[in-house]
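Chemist: next come a sequence and a model predicted from it.
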Amino acid sequence: MTELDLTFVRAQFPAFSEPSLKDWAFFENAGGSYPARHTIERLTEFYTRLKMQPYAPNPASTEAGRWMDDAHRRMAEWLCVETEEVMLGPSTTANVYTLAHAFRDVMKAGDAVIVADQNHEANRGAWRRMAEMGVEVRDWNVDPETGLLNLEDLDNLLDDKTRVVAFPHCSNIVAATNLVTEICARAKAADAATVVDGVSHAPHAMPDVGALGCDVYLFSAYKTYGPHQGVMVVRGDLPMRLGNQGHDFNAGLHGKRLTPAGPDHAQEAAMNGVADYLDALDAHHFGASSPGCQRTSRLGDLMRAHETKVLAPLLDYLRARNDVRILGPADPDLRVPTVALACDRPGAEISTEMVQHKVMCWGGDFYSRELVQNMGVDPDHGALRLSFVHYTSADEVDRAIKALDAVL
């Protein structure tokens, strides 16, 4: 198998040549990745040359609109869905909030939603608020020891009243990849829609959303090397079956029913930077062009292979300690490289001490308070989290281990 060319990868990220970041190791990628140079260049060019109301007949305005349209088309190709199914909004939290209100318009008292406690608050709070209108909120809770979701528990929660099942592709704490295809198949059999939060998974491999079988898939572009936008894929005719959240005159447009405000033109256009980076990464490693879904699969495998390799020494080191608890699987093949630790001292306190060793990480509940609490950790005490992606080097992981050894 082709190995990731880390020198090429890191050359695509200006942060690695920024003097103020020299000698720092970045381990808070789950909070937001470095942007690729392609994103920065797209934003700069748009603000310099194309910053005007798009789609007017003058050349600059026409090109601005084309950039925005291209962003939807190119992201759809990488996600293996139709262009009109890709919607862009200010954040994943805002996108879920809008989506939940669209569901409210067609639901009634007595209906039910299933919400996994593995969820980040982004895919939890808006659904739980449906209790205010008489909707039954059913908690799908993890095993408190492993942090994993049990499919049999889901089966016990599903029935003919279930309208929505909201769960993550993987948790930003537990980090185990859930069986999305199987979960979606079980929900579909009960005629329930599935809303998958992919924020913690997409940075490690762009998903083939078409193959997952979900109705909605969401992630944050600022965690996938892009601008601060939320990506929401809504499949098939679902938007047309929900309440319109957009302008009345856009009610008949599939891609605009769930976007109540006009888009941030520059940010939307800069989504091309994500596609530019993925294109460059794929071309450098594989050369010949292939259909989008083949590229999605092979590039995801390449990125994850590198991540798994550099994650293994960190998990080996942590397993050998008796004063920390790894939240989630200790096997690098079973999780993405987001590692949360329950320690005797508060996570935020330890992360502050890690700064002395030039390791950037963080501590807290990471907007997953219910999950942390259900796993026996006081959310106010919090966990220590180190998270990385495919541009992280083995040397940086070694530095993080040495810093942990000194601080713990």
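Modeler: Yep, it's here. Residues are numbered from 1 along each chain as shown.
Chemist: now the strands for the stretch 1-150 of the chain?
Modeler: With DSSP state E, counting those that start in this stretch as the criterion, the stretch 1-150 of the chain has strands at 25-26, 86-89, 112-116, 136-140.
Chemist: just the stretch 201-350 of the chain next, same as before
Modeler: Under DSSP E, counting those that start in this stretch, the stretch 201-350 of the chain gives strands at 216-220, 230-234, 324-326, 338-343.
Chemist: quick revisit: how about the strands of the stretch 1-150 of the chain in TSV, adding mean neighbour count, distance to residue 307 and mean pLDDT?
Modeler: In short, each C-beta sits where N, CA and C put it, glycine included. Output for the strands of the stretch 1-150 of the chain, formatted as TSV (neighbours: other C-beta atoms under 10 Å; distance: least, C-beta to C-beta, whole Å; pLDDT from 0 to 100):
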stretch	mean neighbour count	distance to residue 307	mean pLDDT
strand 25-26	21	14	98
strand 86-89	24	25	96
strand 112-116	24	24	98
strand 136-140	17	27	98
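Chemist: CSV for the strands of the stretch 201-350 of the chain, including mean neighbour count, distance to residue 147 and mean pLDDT?
Modeler: Below are the strands of the stretch 201-350 of the chain laid out as CSV (neighbours: other C-beta under 10 Å; distance: least, C-beta to C-beta, whole Å; pLDDT from 0 to 100):
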stretch, mean neighbour count, distance to residue 147, mean pLDDT
strand 216-220, 26, 21, 98
strand 230-234, 25, 25, 98
strand 324-326, 19, 10, 98
strand 338-343, 24, 9, 98
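Chemist: for the ones you listed, give me TSV that also has distance to residue 363.
Modeler: Below are the strands of the stretch 201-350 of the chain laid out as TSV (distance: least, C-beta to C-beta, whole Å):
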stretch	distance to residue 363
strand 216-220	21
strand 230-234	25
strand 324-326	13
strand 338-343	9
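Chemist: before we move on, the earlier item: take the strands of the stretch 1-150 of the chain and write them to CSV, including distance to residue 251.
Modeler: As requested, these are exported to CSV (distance: least, C-beta to C-beta, whole Å):
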stretch, distance to residue 251
strand 25-26, 44
strand 86-89, 15
strand 112-116, 25
strand 136-140, 29
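Chemist: of all the ones you listed, which one comes closest to residue 244?
Modeler: strand 86-89 (13.3 Å; C-beta to C-beta).
Chemist: so what touches the closest one?
Modeler: Contacts to strand 86-89, defined as C-beta atoms under 8 Å, 6 or more residues apart in numbering, come from residues 71-72, 75-76, 79, 95, 98, 221, 229-234, 255, 258-259, 263, 267-268, 271.
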